[in-house]
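[1] give me a 3D structure for the following:
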Amino acid sequence: MPATPFPGFDSPAVGFEQPYEMLEACHERVQRSLDLLSRLVTRVDERGHDAQTRSAAADVLRYFDIAAPLHHADEEVHVFPLLLAQGNAEVHAAVLSLQDDHRRMSALWASLRQPLLRWSQPGVDEGVDEASRRAVASFRGIYAKHLKTEEGLVFPSARALMDENDLASMSRQMQARRQT
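    Sure thing, here's the model as predicted:
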């Protein structure tokens, strides 16, 4: 379970000049972080805590504390308002559902964060409680549906409404959000 210096920003193939490609690359990192979280729970169940589980817990914390909120902000600022302003009922309903997902993800993350903080510390030997296990399953389930909806419907719909100036502005703002 290797550590990354700054989760969510280690993919050199995509830059901010391609904002929708950046958002989709972020989805790959979300999935990797969710997979790491699942492997962490399995490892703690099977072997308890060690240096690898502490490192994995710290990696998951870093991703969902830093990169995921920035990604959600990108969507809330640049993608969702654009689509809510246009008249497609299917897209409108999808965006409302995605906004609800963001609220649910945030609440689930708040409950998952506490055990992960403890697990990232040396000398901790607590197992996975049932509430955390359910929260992990719910977190993964919400994200699975969420990512599919964004990539299959929402991102293509928003991208089609934007011209090069809109994309350039989105790119600059996404980059600025990460420099503060």
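[2] list the buried ones in the strand or helix carrying F139?
    Secondary structure from DSSP states H and E places F139 in helix 130-149. Of the residues in helix 130-149, those buried by neighbour count under the rule 16 or more other CB atoms under 10 Å are S132, A135, V136, S138, F139, I142, Y143, H146, L147, T149. C-betas here are computed from N, CA, C, even on glycine.
[3] the third one reaches V44, doesn't it?
    Just to be clear, that refers to V136. No - distance between V136 and V44: 11.0 Å, which falls outside the contact criterion (CB atoms under 8 Å).
[4] residue nearest the middle of the chain, spatially speaking?
    Closest residue to the average C-alpha location of the chain: A68 at 3.8 Å, with CA atoms, centre = their mean.
[5] model confidence at that residue, what's the number?
    Model confidence at A68, given as pLDDT, is 96.
[6] in this structure it contacts V30, no?
    Yes - A68 is in contact with V30 according to CB under 8 Å; the separation is 6.7 Å.
[7] got any ranges where this protein has weak pLDDT?
    Within the chain, the ranges that satisfy pLDDT under 70 run 1-13, 180.
[8] residues touching L98, list them.
    For L98, the residues meeting the contact criterion (CB atoms under 8 Å, 6 or more residues apart in numbering) are E75, F80, H146, T149, E150, V154.
[9] the second one contacts D101, doesn't it?
    The one in question is F80. No - under the criterion of CB under 8 Å, F80 makes no contact with D101, lying 11.2 Å away.
[10] okay, now M170: neighbour count?
    Applying other CB atoms under 10 Å, we find 22 other residues in the vicinity of M170.
[11] please enumerate the helices of the protein.
    Secondary structure of the chain (DSSP state H): helices located at 19-47, 51-62, 68-74, 80-84, 89-119, 130-149, 155-160, 164-179.
[12] D101 - nearest residue in space that isn't next to it in sequence?
    Of all residues beyond its chain neighbours, the one nearest D101 is H146 (4.6 Å), with distances taken as CB to CB, 6 or more residues apart in numbering.
[13] which ones are touching that neighbour?
    Residues counted as contacts of H146 (CB under 8 Å, 6+ apart) are L98, D101, M105.
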